[in-house]
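[1] Need a 3D model of the following:
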Amino acid sequence: MVFYETLILIHAKFPPNETKLLMRETARVIVERDGALFRILDLGWRHTAKPLWKKEVGHIFYGRWYSLIWGGGPKAKQEVEETLVHNTGVVRQLTIPISRPHKFYSNRSTYYPLIKPLTPPLTHHVPMQQVE
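    Numbers count the residues shown, from 1 in each chain. Below you'll find the model as predicted:
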């Protein structure tokens, strides 16, 4: 089984319930082709670097990004790409193979970097043993 990450940009005029159905349809395609869907991440609303053009919608300046992490064969990859290409809500989609699990997208725990403690842990304090 090959692991993939699929990034999807959905334009703002696409209804939320249709987006939910699109994610279900994509999950169904993966599972029916003997694949496994591991995670669907909603990466939120983002502006694009330049305006995008889609015939049905017009100029698009921002959209909602989703990340799907899944595993399957080449046939499943082809079916997922065809499902997303023929959907009017999807502006851009990219499916890339993941060579190592640690390269999966991971959410940032905090915006600010963690500060290391200024002093080392106090190791010279040992709890007293009870004398019997």
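
[2] List the buried residues for the top helix by length along the chain?
    With secondary structure taken from DSSP state H, the chain has its longest helix at helix 16-32. Of the residues in helix 16-32, those buried by neighbour count under the rule 16 or more other C-beta atoms under 10 Å are 19, 22, 23, 26, 27, 29, 30. Every C-beta, even on glycine, is put in place using the N, C-alpha and C of the backbone.

[3] how about CSV for these, with pLDDT and distance to residue 80 added?
    Output for the buried residues of helix 16-32, formatted as CSV (pLDDT from 0 to 100; distance: C-beta to C-beta, whole Å):
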residue, pLDDT, distance to residue 80
19, 94, 16
22, 95, 11
23, 94, 12
26, 95, 6
27, 95, 10
29, 95, 6
30, 95, 6
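
[4] Could I get the buried residue list for stretch 64-79?
    By neighbour count with 16+ other C-beta under 10 Å, stretch 64-79 contains the buried residues 64, 65, 66, 68, 69, 70, 71, 72, 76, 77, 79.

[5] Which residues does it contact?
    Outside of stretch 64-79, the residues that reach it under the criterion C-beta atoms under 8 Å, 6 or more residues apart in numbering are 1-10, 12, 19, 23, 26, 29-30, 33-46, 80, 95, 98, 104-105.
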